[in-house]
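Peer 1: Mind looking at a prediction? Sequence and model below.
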Amino acid sequence: MLHELPVTSAAPTSGAPALALPLMEQFYTIQGEGYNTGRAAYFVRLGGCDVGCVWCDVKESWDVDAHPRVAVADIVTMATAHAGRNVVITGGEPLMHNLRPLTTALQTAGCQTWIETSGAYPLSGQWDWICVSPKKFKAPLPEVLAAAHELKIIIFNKSDFAWAEQHAAQVSPTCRLYLQPEWSKAPQMMPLIVDYVKENPKWQVSLQTHKFLDIP
Ligand SMILES: C[S@@+](CC[C@H](N)C(=O)[O-])C[C@H]1O[C@@H](n2cnc3c(N)ncnc32)[C@H](O)[C@@H]1O
Ligand SMILES: Nc1nc2[nH]cc(C(=O)O)c2c(=O)[nH]1
Ligand code: SF4
Ligand SMILES: [Mg+2]
């Protein structure tokens, strides 16, 4: 779903502000998950992830070298070519890249910047909404958990409820709390999630609604 874009060979130095980013795909759709579910949003999916979730639904994103580096200016041009002004930066693990230039340019262009992150890498960039979905495979950084507007825990088995509570204790008091079934385990886990949220109403259910709608 990568549109025709100029590709640049400028590789960012690790940790330095990235003026070109490995872009797997970008698409205008409806945010399917969490607090902003149902809102139009332009998704920018960056390549590169070493977290290694066994159930990751976008493993094609992991190899950073498999995706062309695209200039920030070109990403912003594509992102602003639609009626909506919400832009989700996801991946892969987007915080493996320094996202300050991208988020500054998006906000200057009038966009809201939203991120989907595991929290495993330091926060870079300026964000209007931060969704942290921590993973057992690579622990989230405390400072990213503290900055989260939304904590989204994937429920793969029963032990994940206790693990969810451990992370809820590390976010701010205003952070929204979501339990989302791992897609392949949803039939088994959904009844447990429903019971858990009824007993622990600080949590809400999040579903991957785009998969039911069959949209990107
Ligand atoms: C593909 S990840 C990319 C962003 C970042 N690496 C992360 O994990 O938050 C986007 C979202 O999809 C969730 N996700 C990935 N695979 C999933 C699955 N099989 N079932 C449910 N949620 C999944 C992640 O937990 C995350 O909230
Ligand atoms: N519609 C839609 N909503 C999403 N919310 C988070 C997603 C992601 O992969 O980061 C995602 C996605 O891939 N599609
Ligand atoms: S951190 Fe995100 S992109 Fe990376 S493997 Fe896990 S779910 Fe997939
Ligand atoms: Mg997805």
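Peer 2: Received, thanks. Ligands and ions are numbered 1, 2, ... in the order given.

Peer 1: Could you list the low-pLDDT ranges of this protein?
Peer 2: 1-14 (pLDDT under 70).

Peer 1: Identify the single longest strand in it, thanks.
Peer 2: Counting residues, the longest strand in the chain under DSSP state E turns out to be strand 20-30.

Peer 1: now residue 106: how far from ligand 3?
Peer 2: Residue 106 is 21 Å from ligand 3, where distance means CB to the nearest ligand atom, to the nearest Å. Bear in mind the C-beta positions are built from the backbone N, C-alpha and C, glycine included.

Peer 1: Go ahead and report the secondary structure state at that residue.
Peer 2: Judged by DSSP: H, G, I helix; E, B strand; the rest coil, the three-state class of residue 106 is helix.

Peer 1: how about the residue nearest the centre of the chain, phi and psi?
Peer 2: With distances taken as CA atoms, centre = their mean, residue 116 lies nearest the centre of the chain, 1.6 Å away. When read as degrees, to the nearest 10, the backbone of residue 116 gives phi -110, psi 120.

Peer 1: Mind listing what's buried along the strand or helix carrying residue 73?
Peer 2: Assigned by DSSP states H and E, residue 73 belongs to helix 72-79. Neighbour counts over helix 72-79 (16 or more other CB atoms under 10 Å) mark 72, 74-76, 78-79 as buried.

Peer 1: next one: stretch 83-98
Peer 2: Within stretch 83-98, the residues scored as buried using 16+ other CB under 10 Å are 84, 86-98.

Peer 1: These: which ones sit near ligand 2?
Peer 2: Among these, the residues within reach of ligand 2 (CB under 6 Å from any ligand atom) are residue 90.

Peer 1: what about the residue in the chain that ligand 1 sits nearest to, neighbour count?
Peer 2: Across the chain, the shortest distance to ligand 1 (CB to the nearest ligand atom) belongs to residue 133, at 3.3 Å. Using other CB atoms under 10 Å, residue 133 has 22 other residues around it.

Peer 1: Can you tell me the element the closest residue to it other than its chain neighbours falls in?
Peer 2: Leaving aside its chain neighbours, residue 133 sits nearest to residue 152 (4.4 Å; criterion: CB to CB, 6 or more residues apart in numbering). Under the criterion of DSSP H and E, residue 152 resides in strand 150-155.

Peer 1: Which residues are in contact with the residue of the chain closest to ligand 1?
Peer 2: Residue 133 makes contact with 116-119, 151-154, 180, according to CB atoms under 8 Å, 6 or more residues apart in numbering.

Peer 1: how far off helix 72-79 does the longest strand of the chain point, in degrees?
Peer 2: Orientation note: strand 20-30 sits at an angle of 10 degrees relative to helix 72-79 (axes from the mean of the first three to the mean of the last three CA atoms, to 10 degrees).

Peer 1: What is the helix or strand that the helix holding residue 73 is followed by packed up against?
Peer 2: Next helix or strand after helix 72-79 toward the C-terminus (DSSP H and E): strand 86-90. Contacts defined by 3 or more CB pairs under 8 Å, 6 or more residues apart in numbering; DSSP states H and E place strand 86-90 against strand 40-46, helix 100-108, strand 112-117.
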